[in-house]
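[1] Quick one: sequence and predicted model below, then my questions.
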Amino acid sequence: MTSPIWHPFTQHGLGEPIPNVVRAQGAVLHLEDGRTLIDGISSWWVTTHGHCHPRIAAAIATQAQALDQLIFAGYTHDPAEEVARSLVELTPRAEGRDALSRVFFSDSGSTAVEVALKMALGYWHNRALDGLSAPRHRILVLEHGYHGDTIGAMSIGERGVYNAAWAPLLFDVGTIPFPHPGREGETLAALEAACTAPEKPAALIVEPLVLGAGGMLIYAPAVLRDMAAICARHDVLFIADEVMTGWGRTGTLFACEQAGVVPDIMAVAKGITGGALPLAATLATSRIFDAHYSTDRARLFYHSSSYTANAIACAAAAANLAIWREEDVLGRIAALSHGMAQRLSALAGRPAFENPRQLGAIAAIDLVTADAGYLSDLAPRLRAFFLDRGILLRPLGNTIYLMPPYCLDSDQLDLVFAALAQAGDAFAIPA
């Protein structure tokens, strides 16, 4: 019987195999037909400590017997309170900058970003109502960025084939060029010009240090720091989308830490529960919250979803946060990053590959081919190639990237990089 499921980012007309995964443990997925796969991309960047982590699974089971779901408009529960306090304690700090002190829960990275945009625009709307500022509506974005697939998140992402069908729904933004090595000054000059334009922008949103779906493009902490400083100097809100970069992926708990940056608003999701359940949060400084604080009910923050701060998801997040507090997670990430760096260096010496890059536990390399880019026909062929070799990887066109769970061991890492080397032999067209 044909499955009725319509899968995300899947062209069913290609007839690609869709394996049935029946269980998972650590970095390994077990298929219905008895095969196993090493999860090289943390099941779309969410699984941090490994699949079915016992501490997180136990917390889910316990919470499911106490409180499963609660309307969060005007009510609260202990798991959400615990997660919110922990997030406030763990997020970046810097002298002279207001801390992120308020936490708004949602259920995915896209919605966390939507919330961030609505917070920023609501801030300027309410300040205008109070006569403290002129209205501001314009959002600045970084070239090649990706922030999700809801309408607001698509609007602030790179325009292309993946959102062309909905172009009439997308709002206009100001785009700052990506800070390619040696051209960082162009980025900073463009941001300075945009912040001093007659139409004063409301906010700049960036993926700090690494652009994920845009091709795993990496830029320096100094550039992130300078962008944040320009925004602060011109009173433009700085939004950090840490949905992918957070939870240790870049080698620190949050990427902003490497630049000493405290954003005005920060979106987190994916690894917040260790990858076990969907949950997200948008954190804001007190001034963002205070602009919405009033005795006037018309000025409350109008956003919610039915499953805001789901109690079971929050219990999973609380268990994940306890792991971060009590275990040497950063040590595991450092060891994994070192192993990836050694193997990536060896791979980079092959003529089949170019542009090796790594930050923390994220590594990427481009396969040399005449058919490059996001829609390269290589992508589905590479996915099938890796599947046949027991590896779950999902290349971005001719860009092969790794973002594994932190429990991946040396032998598994050898298998993954061996498959990459074989892919180079099989598919590359050296210049």
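    That came through, no problem.

[2] what residue is smack in the middle of the protein?
    Nearest to the mean C-alpha position of the chain, counting by Cα atoms, centre = their mean, stands M244 at 1.8 Å.

[3] ok, that residue - contacts?
    When the contact criterion is Cβ atoms under 8 Å, 6 or more residues apart in numbering, the partners of M244 are W45, G109, E207, V210, G212, K270. Every C-beta, even on glycine, is put in place using the N, C-alpha and C of the backbone.

[4] I'd say the last one and E242 touch.
    This means K270. No - under the criterion of Cβ atoms under 8 Å, K270 is not in contact with E242, lying 9.1 Å apart.

[5] With neighbour numbers in mind, choose between the two.
    E242 (30 against 27; other Cβ atoms under 10 Å).

[6] Look up how far I272 lies from the more buried one.
    In this structure, E242 lies at 10 Å from I272, with Cβ to Cβ, to the nearest Å as the measure.

[7] Please list the residues outside the host helix or strand of R381 that contact it.
    Secondary structure assigned from DSSP states H and E places R381 in helix 378-388. Contacting residues not belonging to helix 378-388 are listed as 14, 16-17, 19, 37, 40, 367, 369, 371, 392-398, 400, 419, 422-423, 426-427 [Cβ under 8 Å, 6+ apart].

[8] Pairing partners for the helix or strand just after it, with directions?
    Moving toward the C-terminus from helix 378-388, the first helix or strand encountered (DSSP H and E) is strand 391-392. Sheet neighbours of strand 391-392, with direction, are listed as strand 36-39 (parallel) (DSSP bridges).

[9] Please save the CA atoms from the partner strand in CSV.
    Output in CSV follows, covering the C-alpha atoms of strand 36-39 (Å, rounded to 0.1, in the frame of the first residue of the first chain):
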residue,chain,number,x,y,z
THR,A,36,21.6,0.5,10.5
LEU,A,37,22.5,4.1,9.7
ILE,A,38,25.0,6.4,11.4
ASP,A,39,23.2,9.7,11.8
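
[10] Give me the distance between that strand and the centre of its chain.
    Computed by Cα atoms, centre = their mean, to the nearest Å, the chain-centroid distance of strand 36-39 equals 22 Å.

[11] list the buried ones in that strand?
    With burial defined by 16 or more other Cβ atoms under 10 Å, the residues of strand 36-39 counted as buried are L37, I38, D39.

[12] One more: stretch 218-226?
    Under the neighbour-count criterion of 16+ other Cβ under 10 Å, stretch 218-226 has I218, Y219, P221, V223, L224, R225, D226 buried.

[13] and if you look at stretch 5-21?
    Residues of stretch 5-21 classed as buried: V21 (neighbour count, 16+ other Cβ under 10 Å).

[14] Use 38 as the first number from now on
    Sounds good: first residue 38 from here, last item stretch 42-58.

[15] Could you report the pLDDT at P467?
    P467 is assigned a pLDDT of 60 by the prediction.

[16] Please read the previous query as pertaining to P205.
    pLDDT, P205: 93.

[17] for it, helix, strand, or coil?
    helix (DSSP: H, G, I helix; E, B strand; the rest coil).

[18] so R336 touches N163, yeah?
    Yes - using Cβ under 8 Å, R336 is in contact with N163, at 5.9 Å.

[19] Assign a three-state SS to L177, would you?
    The assignment at L177 comes out as strand when based on three-state DSSP.

[20] Kindly tell me how buried it is, as a neighbour count.
    26.

[21] quick one on the thing from earlier: would you confirm that the residue nearest to the centre of the chain belongs to a helix?
    No - the assignment for M281 (three-state DSSP) gives coil, which keeps it out of a helix.

[22] ok, it to I242 distance?
    Applying Cβ to Cβ, the value for M281 to I242 is 13 Å.

[23] Quick check: I108 vs I349, distance?
    Distance, I108 to I349, by Cβ to Cβ: 15 Å.

[24] actually N163, sorry about that
    Computed with Cβ to Cβ, the distance linking N163 and I349 is 34 Å.

[25] again, but for T148
    For T148, the distance to I349 equals 18 Å [Cβ to Cβ].

[26] try N200
    32 Å.

[27] ok, these two, which is more surrounded?
    Under the criterion of other Cβ under 10 Å, the comparison of N200 against I349 puts I349 first, with 23 against 18.

[28] right, and that one touches T99 too?
    No - between I349 and T99 there is no contact, the gap being 9.6 Å when judged by Cβ under 8 Å.

[29] and the nearest residue to P245 once chain neighbours are set aside, what does it touch?
    Distance criterion Cβ to Cβ, 6 or more residues apart in numbering; nearest residue to P245, sequence neighbours excluded, is A292 at 4.0 Å. Applying Cβ under 8 Å, 6+ apart, we find A292 in contact with P245, L246, V247, L261, A277, E279, T282, G283, R286.

[30] count of neighbours near Q395?
    Taking other Cβ under 10 Å as the criterion, the count of residues near Q395 is 21.

[31] Just checking: what are the partner strands of the host helix or strand of it?
    Secondary-structure element containing Q395, defined by DSSP H and E: strand 390-396. For strand 390-396, the paired strands and their directions (DSSP bridges) read strand 399-404 (antiparallel).

[32] chain center to the partner strand: distance?
    For strand 399-404, the gap between its own C-alpha mean and the chain's C-alpha mean amounts to 17 Å (Cα atoms, centre = their mean).
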